[in-house]
Each structure stands twice: as C-alpha cells, then as structure tokens.
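# Got a sequence here, can you build the structure:
(2 chains)
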There are 2 protein chains.
Amino acid sequence: MKIELNSIGVIHSPFKNLEGMPIQPSGAAGVKGTVEIFEEYRAGLKDLDGFSHIVLLYHFHCSHGFKLHVVPFMDSEMRGLFATRAPMRPNAVGLSVVQLILIEDGVLDIQNVDILDGTPLLDIKPYVPEFDFQRDVRTGWLEKTRGTVAGRKSDDRFK
Amino acid sequence: MKIELNSIGVIHSPFKNLEGMPIQPSGAAGVKGTVEIFEEYRAGLKDLDGFSHIVLLYHFHCSHGFKLHVVPFMDSEMRGLFATRAPMRPNAVGLSVVQLILIEDGVLDIQNVDILDGTPLLDIKPYVPEFDFQRDVRTGWLEKTRGTVAGRKSDDRFK
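Numbers count the residues shown, from 1 in each chain, chains lettered A, B, ... in the order given. Prediction:
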C-alpha cells in the first residue's frame, strides 16, 4: 500500500549538517528553531498557542535507504532498527516533542530542537500527557545509557 | 515536496468501525490487538522485546480529506486542526503509544489499542521517557476535559 504525503511547512534550526547534532530533544535543551507553516495550512494553527509542547512529525529528508540492523548512537552493538530511533527507516518519518514558545504570522518559535535545518514538516499534534505519557516503562538496551543522551552528539553513520 | 511511504505491516484490533472507538490509548486500557509485520521487515524487530511501550505511526486509511477547523471529540467548539488529534489531516498519519506484550513470528501482541482494525503500519519506535516525556505542560483547550478522555468514544464526525 503506497501512501503519498506532502510537506506542510519547513523546520529551521542551527543544524546544517547531520554530524555533531544532538540526538534527541533532551540533548538539545535550549536550542531554538522555527517552523514555517505554508500559507494554505496556517488556519489550522488556531488554538495551538495554548499548548506548551507539540509533537512534530517530519521527513528525514537527508537519510536515504535503510538497514534492518544498525549500531545506534547510544550503543556499540547491532540493534534491530525498530528498537532504535535511527533516521534511516523504511518510512523515514521522524518524531520530536519540542517546546512551543510563540506563534506569529504562520511561524512557530520552538525550543529543544534536535532537527536538521530545512527538514520538511509533515504534521503537528498537541502534546498531551494523558495521551502520550506512560508509567512503569522498560527500555531494553537503552536502560544503561538513556540518562546520558543529553551529552551525546550524532556522527556520520546515518548519512 | 512529495514523500511516498509504504506500509510495513497491518494493525489488528477489535474496532471494525470508526464510530464507538476509544479516542486515545488512555481510553483503550486493556484493549488487545496485534501488529503483523511484513516478512521483509521482521529482522528489524530484534531487541524490541526489551521495551514495555512502543510508538506506532500509522496511516488513517479511512479518513479522507481534511478541514483546518474541526470540532474535536473532546470539545463542542471549533478548534484549529493542528491543536487537535483528529484523524482527517493534510498528512493522515496517526500516532499511538501502546503497551508491548509479546513478539512472536513477526507478530506483536499489544495492549491499550485505540486503532481501527486493518490500519496500515508505517513505523515502530521504542518509547523512551527521556526522549518523549515532558514536564510542566500546558494543554490549552484540553485543560478542562483531558482527564475525561478515558470515558469518551468516537462518533462519525471524521468519517
């Protein structure tokens, strides 16, 4: 089944290269960016300013192809792709929860941005703890290192 | 910019119709379902069984077209589409965090399923609180009602 998507905007950030980026929003604390929503979709932003955090879905436009086993940034062992957040995926869709600061003239000022500059935006959803937060969570191979994500940077392995 | 996706599996659930469904995983506590991963992607499931919760990205395949202002299930007022989780979106991609029970022969047993039977799966990501959980959250128009989501069901408004 083929599904065709169209970008609804563009994400801007200080990150111009895939290397040396924070690998999750928690490693991008304080990093500011903007999301420019294309004119024809701007009416859909009504009421979004009431939310402090939003979920961005976007296209990993610089990642081409995929492998089902990868060595993720947080590890030195081969892991199944779907047990990682690596960008080279069968459907190269990324997900980041970022802080929403301001919306003005169809442009969102956001913070905690771990996204490459120029990334095509696919969707915005409001972040709602009652929908998205889980308790009593196990995180498999990430148990040992997940607390260190803030200090890690990307390299060129998923280029 | 056009982006073409292919489904990597199919989600099965007790919900055969868009009407009368739970409207978020928190309203689907205990509801069981399965995710069948197509043969060619199954190697990517390695290590996923270490995670108690997973993020499913899927295609809202029964929702066609979109409106930029909608009256969401949780409200009686018109809201901007991107301030809601309504399924009729410019890019009809859904996101649910579900509990992972078991993986066997390329089939995932999952729980807390708020997804229509037969839904095409686009991606699986591990749920990691350090990446996905936010503190000090404001949720705009949902502040008043978000605690009541567990008791709400869908109707036919997004058919």
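# May I have the strands that pair with the top strand by length along chain A, each with its orientation?
Ranked by residue count, the top strand of chain A under DSSP state E comes out as strand A:93-104. Neighbouring strands of strand A:93-104 in its sheet, by DSSP bridges, are strand A:53-59 (antiparallel), strand A:107-111 (antiparallel).
# Please work out the average pLDDT along the last one.
Regarding strand A:107-111, the rounded mean pLDDT is 97.
# starting at the chain centroid, how far to the next helix or strand after that strand?
For strand A:107-111, the following helix or strand on the C-terminal side (DSSP states H and E) is strand A:119-126. Once both centres are worked out by CA atoms, centre = their mean, to the nearest Å, strand A:119-126 turns out to sit 9 Å from its chain's centre.
# Which elements pack onto strand A:119-126?
In terms of contacts (3 or more CB pairs under 8 Å, 6 or more residues apart in numbering or on different chains; DSSP states H and E), strand A:119-126 is packed against strand A:9-12, strand A:32-37, strand A:53-59, strand B:93-104. Heads up, the C-betas are built off the backbone N, CA and C, glycines and all.
# so can I have JSON lines of the ones you listed showing mean neighbour count, mean pLDDT and distance to B:Val128?
Putting the helices and strands packed on strand A:119-126 into JSON lines (neighbours: other CB atoms under 10 Å in any protein chain shown; pLDDT from 0 to 100; distance: least, CB to CB, whole Å) gives the following:
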{"stretch": "strand A:9-12", "mean neighbour count": "22", "mean pLDDT": "98", "distance to B:Val128": "21"}
{"stretch": "strand A:32-37", "mean neighbour count": "20", "mean pLDDT": "98", "distance to B:Val128": "21"}
{"stretch": "strand A:53-59", "mean neighbour count": "23", "mean pLDDT": "97", "distance to B:Val128": "14"}
{"stretch": "strand B:93-104", "mean neighbour count": "19", "mean pLDDT": "96", "distance to B:Val128": "11"}
